[in-house]
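Colleague: Sequence plus predicted model, see below.
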Amino acid sequence: MQVIVRRVIQLIVVLVVVTFFTSILTALLPGDPVTTIAPFSSEQDRANIRNQLNLNENIVVRYGKWLGHFMTGDMGREYAGTGVRGQSIWGRIKDSLPRSLLLMLYVQILTLLIAVPLGVYTAYKAGTRLDDLSNGIAFLLLSIPVYVTATLMLLFLSVQRHLLPTEGWVSLGSNPVEHFKHLAMPVLAITIGQVAVYARLLRSDMVATLQEDYILMAKSKGISDRRVLWRHALRPSSLTLLTVAGLNVGQLIGGALIVEVIFHLNGLGFAIGDAINRRQYIALQDYIAVVAIVYVLVNVAVDTLYRVLDPRIRGARIG
Amino acid sequence: MLESADTELTAGSVSAAAAVEEPPDEVFEKRGMGVLAWIGIGWLSLVVLIAILAPVLPLKAPMVGDYLHPKAGLFSPGHLLGSDDSGRDVLSRVVWGARASLLIAVGSIAFGTLIGGFLGLVAGFKGGLTDTVLGAFFNIFLAFPQLVLALTLVAVLAPVKPSGGASSGEWGHRILVVILAVGIVSVPLLGRITRASAISWSQREFVMAARAQGATSRRVMLREVLPNVVPAMASIALLGVAIVLVLEGALAVFGVSIQEPNPSWGNMIYSQLSNLNSAPAVWIVPSVLIFLSVLALNYLGDVVRARFDVRESAL
Amino acid sequence: MSRRKRGAAPGSERFADAPLDGSLLEVTDVKTQFKTPRGLVHAVDGVSFSLERGKTIGIVGESGCGKSVLSRSIMGLLPRNAVRHGSVTFEGREIGKSTGNSMRQYWGTQMAMVFQDPMTSLNPVMRIGNQIMESLRFHFDVTKDYAEETALALLNSVGIPEAERRLREYPHQLSGGMRQRVMIAIALACGPKLLFADEPTTALDVTVQAQILDLLQEQQRERFMAMVLVTHDLGVVAGRTDDIAVMYAGRVVERAPTRSLFEQTRHPYTEALLKSIPKLGQPSHSKLDAIAGRPPDLVKPPRGCKFAARCPYAQPKCITDEPELVDAETPGHAFRCFFPVGSQAGAEALARNLSAGETATGLPVRKEGEAVLTGVTV
């Protein structure tokens, strides 16, 4: 119980520090932030922005006020030029965050579906030519940036063959077929690199596991190799897989943001790119804060899952 | 498939030594670097050399269009690697682009290695409160996905001009900003690895012995611990340069890397996104360059790690 | 009781026609080599013995002499870089050429193994119950309830208290001795006819060692199971085996009924091993006789007798020629030595070495035929 309380407190501290950092981002802008955000605006607009950013307050008060607005979803609107009301920031987050999360979920599922059998099989075949080959390919794939994969796919599958749509998001509810057609390239583009990471790590971990005494013991029971691999060897390695997943969340988020921009998927990454290019720093603060919070929470979730899954840790905590 | 007759699940295929209960030490002798590593070094040297020599090489002006020969294909006369929509020479642009991309990659990792390495070394060597404070500092920065942090810092430190386009002064300024931003992002990563390595080396007998002989802390840290931490830092720094080469392209996707008309490998790729088919050489050539350089760096990083037995757990 | 899903009796029809008398296991000239970067390691080099149903053979030797590899060779549990020659028959069937897939029908149900280190030989992330039930369910196609009942009975029979609770626990929640009992339960689960116990007590506390050995012996008698007990400690096998084979550098150097081996020791290596057993009668700080030197390199084994370099009886002949396994007076007793202990030739050889102060291999010798000893105090 104490452990849980301590971890919750830790989590809150991290979240506060992270959001504090994002809330003062605009203070880092060179010169007068208002001029950078809205260079050609009326005095009235400038005062509004100054007010919205609480630039007249000290940093702590500014953070407090920002946090109040952020927590209640009352984040205001993007600045859209003199006298024009821009898009609601909260509205945009509400629309785009689930898309980004769904994209990442698809990538994670597909990655595991491919990487786990691949890692297990190559570990089983360790030292053979097939293993060398797949290792080499994985190493090559690791060195291809997501945006290059994405661009190559766009060229060959969309521009030249017209097999898949080049851009846009179709919701799952409205048209499942189009939904997956639109997401196929973005998901694959990220997955290819991720599979290489997961399969390589799982392989090397499994190779080590297969040297363990308990694997020989399991084998001496006369059970099938398949069972030895999946029941005895994969289970301890799955904890490693989880560690990798934790370390890789940042990569995953990064990949998702990039493909959102390339394929115009209108998720949070697209929103961030949009905000940067239109210098919507007020909105940018909030988008970044959301990404950071998601990142922290996913990491906590992975960590918690780890504790639940590993009987040794679990036992040590309870017993 | 798993049950094919000639394959057999083997626990300990590598561990014949364990089976005969007598480890043959010579087996683990370190081998030479191998041809692949030398090819990697050769490739990287070539790229660096070309980037340095760009002003004196017989190249076309990278930002001047040859309106008579736009969208030239690979190996066209006059445009060895083709030209873009406005006839700018791709070869010239990737060479000049290499200057930007390599400066950013090497500069930011140098920044991160110096600052992060120093902080990590101190934290790991001193321990105690220093370690706690620095550890907390690292963790704050690690609470952001790297791309997001780098992106945000660049966007805030050097806002994109609404009109687009850049002056020559903008080039240097933006490179500095990107180096600073990416460097800041790499500090906690490099710092954490150095710290882990410094902790393990600080507990070795020879360090204890040096301390017992009355050597000053600073001397022990710099003379005894630092040289042993360097391999770990070097292998991570090599990987870091690779990561930043890729990251520069990602920044370009968000439009905050080097600004047109100046070339970088990243912005050459991204500039063609809406028009992939019209002059594919423009983005395929820098893509290949990034791929090959990253491949070489990743491979060399692995080689260094294997040679100096840098443990994965330190990552 | 018809709890089994199908009618198959445990033990399987495949083996129903096996003869009930005669030897269970016949090992003839088994050789096992490992391919390593240094060359071929001759871990087991021409070992033969036979074992009858319900009997126990002890395989004794220092670490690195190939005894563990021998038991794994017989069972076919070798890594990929191992090459096995020779013949192994089990219930009259040749299994010496069988690979993993055809050996699987023997593993668990016909022969099973108890491994040395219970700390590392149980899967840390699987419940104990599941580890016991696994082979039952795999081989016999029984229901989960039936398997669980059997597992419970097994845990009880190997002397684990609160068996019901233990079924749901993980290995790290048990002490070393308990874990070894669980290992034994796993090995016994499918009623094997032959049990390999590979240094079953080496990793355990001294106080627990005797209990585990007693348990093995008791289970073996109850189930009329043959056992191969591998150990480096002659003291362990003393009262618990029918026969003993002493191994050195991959070869059997002496093989005899247990009593005969202790009373009429013939091989100098066996004699040296006997001297290294701590005896209860001795004062607690008396010196133990350790054997000087180390076993030879199995990549390039020496030409003559493999033990010559460490043997106080060694003569020039021992360096050039390798002795054959010859029969002693007692039936079933054989040894591999030109100058056996307790013989005229042996006594003369020793006397010659003593007066020279060293053996033919240059090993210094003093007083009652012992090599210069590295004293080990206990």
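Modeller: Structure received.

Colleague: And the strands in the stretch 51-200 of chain A?
Modeller: Assigned by DSSP state E, counting those that start in this stretch, the stretch 51-200 of chain A shows strands spanning A:77-79, A:85-88.

Colleague: any residues touching the first one, and which ones?
Modeller: So that's strand A:77-79. With Cβ atoms under 8 Å, 6 or more residues apart in numbering or on different chains as the test, strand A:77-79 has contacts from A:37-38, A:41, A:45, A:49, A:85-89, A:92, A:275, A:278, A:280, A:282-283. Backbone N, C-alpha and C define where each C-beta goes, glycine included.

Colleague: quick one, what contacts the residue in the stretch 101-250 of chain A that chain C sits nearest to?
Modeller: Of the residues in the stretch 101-250 of chain A, the one nearest chain C is residue A:222, at a distance of 3.1 Å by Cβ to the nearest Cβ. For residue A:222, the contact set (Cβ under 8 Å, 6+ apart) comprises C:103-109, C:135, C:138-139, C:190.

Colleague: Flag the shaky bits of the stretch 1-150 of chain C, pLDDT-wise.
Modeller: C:1-22, C:100 (pLDDT under 70).

Colleague: For it, which residues are neighbours of chain B?
Modeller: By Cβ under 8 Å from any Cβ of the partner chain, the residues of the stretch 1-150 of chain C that approach chain B are C:34-38, C:41, C:43, C:63-64, C:66, C:68-69, C:72, C:78-82, C:99-101.

Colleague: Also the stretch 201-319 of chain A?
Modeller: A:210-213, A:215-216, A:219, A:224-226, A:228-229, A:249-251, A:253-254, A:257-258, A:261-262, A:272-273, A:276-277, A:279, A:281, A:284, A:288, A:291-292, A:295-296.

Colleague: Give me the phi and psi angles of residue C:356.
Modeller: Torsion angles at residue C:356 (phi, psi; degrees, to the nearest 10) stand at phi -80, psi -20.

Colleague: Roughly how far does it sit from chain A?
Modeller: 47 Å (Cβ to the nearest Cβ, to the nearest Å).

Colleague: biggest helix in chain C by residues?
Modeller: Longest helix in chain C, counting residues (DSSP state H): helix C:206-223.

Colleague: Can you list the helices and strands that it packs against?
Modeller: helix C:176-188, strand C:194-198, strand C:226-231 (3 or more Cβ pairs under 8 Å, 6 or more residues apart in numbering or on different chains; DSSP states H and E).

Colleague: Run through the strands of the stretch 151-300 of chain B in chain order.
Modeller: For the stretch 151-300 of chain B, applying DSSP E, counting those that start in this stretch gives no strands.

Colleague: Low-confidence regions, it specifically.
Modeller: For the stretch 151-300 of chain B, the stretches with pLDDT under 70 are B:162-169.

Colleague: For chain C, what's the nearest residue on it?
Modeller: Residue nearest to chain C within the stretch 151-300 of chain B (Cβ to the nearest Cβ): residue B:299, separated by 23.5 Å.

Colleague: Run a quick neighbour tally on that residue.
Modeller: With neighbours defined by other Cβ atoms under 10 Å in any protein chain shown, the count for residue B:299 comes to 20.

Colleague: which residue packs closest to it, ignoring adjacent ones?
Modeller: Distances taken as Cβ to Cβ, 6 or more residues apart in numbering or on different chains place residue B:40 nearest to residue B:299, at 5.1 Å, with adjacent residues excluded.

Colleague: So the one you found: helix, strand or coil?
Modeller: At residue B:40, secondary structure determined by DSSP: H, G, I helix; E, B strand; the rest coil is helix.

Colleague: how much space is there between it and chain A?
Modeller: In terms of Cβ to the nearest Cβ, residue B:40 sits 11 Å off from chain A.

Colleague: Surely that residue and residue B:296 touch.
Modeller: Yes: the pair formed by residue B:40 and residue B:296 meets the contact definition of Cβ atoms under 8 Å, at 3.7 Å.

Colleague: ok, the residue of the stretch 151-300 of chain B closest to chain C - contacts?
Modeller: So residue B:299 contacts A:139, B:36-37, B:40 (Cβ under 8 Å, 6+ apart).

Colleague: Can you find the residue of the stretch 251-378 of chain C that comes nearest to chain B?
Modeller: Of all residues in the stretch 251-378 of chain C, residue C:298 sits closest to chain B, with a separation of 6.1 Å (Cβ to the nearest Cβ).

Colleague: burial of the nearest residue to residue B:277 once chain neighbours are set aside, as a residue count?
Modeller: Nearest residue to residue B:277 in three dimensions, chain neighbours excluded: residue A:159, at 4.9 Å (Cβ to Cβ, 6+ apart). Residue A:159: 16 surrounding residues under other Cβ under 10 Å.

Colleague: can you pull the contacts of residue A:159?
Modeller: Residue A:159 touches A:166, B:276-277, counting by Cβ under 8 Å, 6+ apart.

Colleague: Can you give the domain ranges for the chain?
Modeller: Assuming you mean chain A. Per automatic domain parsing, the structural domains of chain A span A:2-90, A:96-314.

Colleague: Let me rephrase: I mean chain C.
Modeller: C:12-247, C:265-280+C:287-374.

Colleague: on that earlier part again, most neighbours per residue, which of the domains of chain A?
Modeller: Among the domains of chain A, judged by mean count of other Cβ atoms under 10 Å in any protein chain shown, the one packed with the most neighbours on average is domain A:96-314 (a mean of 20).

Colleague: and the closest residue to chain A within the stretch 1-150 of chain B, helix, strand or coil?
Modeller: Closest to chain A within the stretch 1-150 of chain B is residue B:147: 3.5 Å, counting by Cβ to the nearest Cβ. Under three-state DSSP, residue B:147 falls in the helix class.

Colleague: Quick check: closest non-adjacent residue to it.
Modeller: The nearest residue in space to residue B:147 (Cβ to Cβ, 6+ apart) is residue A:254, at 3.5 Å.

Colleague: Am I right that that neighbour is in contact with residue B:149?
Modeller: No: using Cβ under 8 Å, residue A:254 is not in contact with residue B:149; the gap is 10.1 Å.

Colleague: just to revisit the earlier point, CSV please, covering the helices and strands packed on helix C:206-223 and showing mean pLDDT and mean neighbour count.
Modeller: Converted to CSV, these look like this (pLDDT from 0 to 100; neighbours: other Cβ atoms under 10 Å in any protein chain shown):
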stretch, mean pLDDT, mean neighbour count
helix C:176-188, 91, 25
strand C:194-198, 93, 24
strand C:226-231, 93, 26
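
Colleague: could I get these as JSON lines with distance to residue A:124?
Modeller: Listed next are the helices and strands packed on helix C:206-223 as JSON lines, based on distance: least, Cβ to Cβ, whole Å:
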{"stretch": "helix C:176-188", "distance to residue A:124": "23"}
{"stretch": "strand C:194-198", "distance to residue A:124": "25"}
{"stretch": "strand C:226-231", "distance to residue A:124": "29"}
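
Colleague: so can I have TSV of the ones you listed showing distance to chain B?
Modeller: What follows is these, written out as TSV (distance: least, Cβ to the nearest Cβ, whole Å):
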stretch	distance to chain B
helix C:176-188	16
strand C:194-198	12
strand C:226-231	12
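
Colleague: residue contacts, residue B:105?
Modeller: Going by Cβ under 8 Å, 6+ apart, residue B:105 touches B:241-242, B:244-245, B:248.

Colleague: Perfect, I'm done here.
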